[in-house]
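Peer 1: Got a predicted structure plus its sequence, pasted below:
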Amino acid sequence: MFTHTHALQYEAKPDGPDPDFARKMQEVLGGQWGEMTVATQYLLQGWNCRLPGKYKDLLLAIGTEELAHVEMIVTMIDRLLDHIPLKPDAADRSKEAAAGYGQHNPQHAIVNGAGASYIDSMGNPWTGAYVTASGNLMADFMYNATAEMQGRLQVARLYNMTDDPGVKDMLRFLITRDHYHQQQWLHAIEELKEDGLEGVPVPEAFPLEDEVGDLGYTFIDASDGPDAAAGRWASGPSYDGRGTYSARPIEATADAPILPPGDPRLYPTPQMEAQTMLQKAKDMLK
């Protein structure tokens, strides 16, 4: 069950309109790493979670907070679109109308009546395909930490693209919350390990004896760069504590594939004399 409070979690009020920056803000609303993605992702992971307790509650709590961020960004975009210019000549008559006319998103006016939409900064629609909810908490929490890192990166870039104090204030809030959320997911990952629920590799329950040889602990060097194997990933104890890393050059271990002739009823390019292939096809169709 959800309820809504009209008051915002944090202020979302620019010092002045800016249709161009409204378009840029769309990326952190409806882009791949935007608030629509993380809000629906965390909620879906929580609703699907079959493990009652702190992890399910964590997902539902943060997913609901992210919905509050969606509302803040929508409100900011709406206010940035005040006095959006409707015609080029209108940009000559007022400072407000002139703001970013050449770079504004015309759909803001045409489709949304000077409002936000679930699209990215290029006008591509937000899609549920951005959302990951695998049912494995370790895999999902790893991805959630990545989502917060990518989101904070984009908001930090936006922060350097505006001089509006009101906009920068809200962006500072989002950057700060993404800072916490990154740490939150990293702690949750470690707690899954401590609770003995999940570990690396994911899924931990798959039997290691069914893996192929020592390839689970081998860095395969497929680059002619001299330093590919110079890192911690190529020597020493493994991350999962069950083996020791080694490195070796990539090598072929199977024969070159030779596929059989295709079904002539599908008219593939023949691998034999064309006339023979054509006759075989005719024979099969008799």
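Peer 2: Yes, it's here.
Peer 1: mind showing which ranges of this protein have poor pLDDT?
Peer 2: Within the chain, the ranges that satisfy pLDDT under 70 run 89-102, 272-281, 286.
Peer 1: Tell me where the stretch 1-150 of the chain has strands.
Peer 2: In the stretch 1-150 of the chain, no strands are found when defined by DSSP state E, counting those that start in this stretch.
Peer 1: you'd agree Lys171 is up against Tyr159?
Peer 2: Let me fix one detail, which is that residue 171 is Leu and not Lys. Yes. With contact defined as Cβ atoms under 8 Å, Leu171 reaches Tyr159; the gap is 4.6 Å. Just so you know, the C-beta spots here come from the backbone N, C-alpha and C atoms, and that holds for glycine as well.
Peer 1: ok, the residue nearest to Leu81 when sequence neighbours are not counted - contacts?
Peer 2: Of all residues beyond its chain neighbours, the one nearest Leu81 is Ala114 (4.4 Å), with distances taken as Cβ to Cβ, 6 or more residues apart in numbering. By Cβ atoms under 8 Å, 6 or more residues apart in numbering, the residues touching Ala114 are Asp78, Leu81, Asp82, Ile84, His108.
Peer 1: need the helices for the protein, in chain order.
Peer 2: 19-25, 27-30, 35-48, 54-80, 95-98, 106-110, 137-159, 165-194, 274-285 (DSSP state H).
Peer 1: now the angle between helix 137-159 and the longest one, please.
Peer 2: This means helix 165-194. Here the directions of helix 165-194 and helix 137-159 differ by 160 degrees (axes from the mean of the first three to the mean of the last three Cα atoms, to 10 degrees).
Peer 1: Give me the buried stretch members for helix 165-194, please.
Peer 2: 166-168, 170-171, 173-175, 177-178, 181-182, 184-185, 188-189, 192 (16 or more other Cβ atoms under 10 Å).
Peer 1: Can you get me the centre-to-centre distance for that helix and its chain?
Peer 2: 16 Å (Cα atoms, centre = their mean, to the nearest Å).
Peer 1: That helix to helix 35-48, inter-axis angle?
Peer 2: 30 degrees.
Peer 1: Gly213: how many residues sit nearby?
Peer 2: Other residues within reach of Gly213 by the criterion other Cβ atoms under 10 Å amount to 7.
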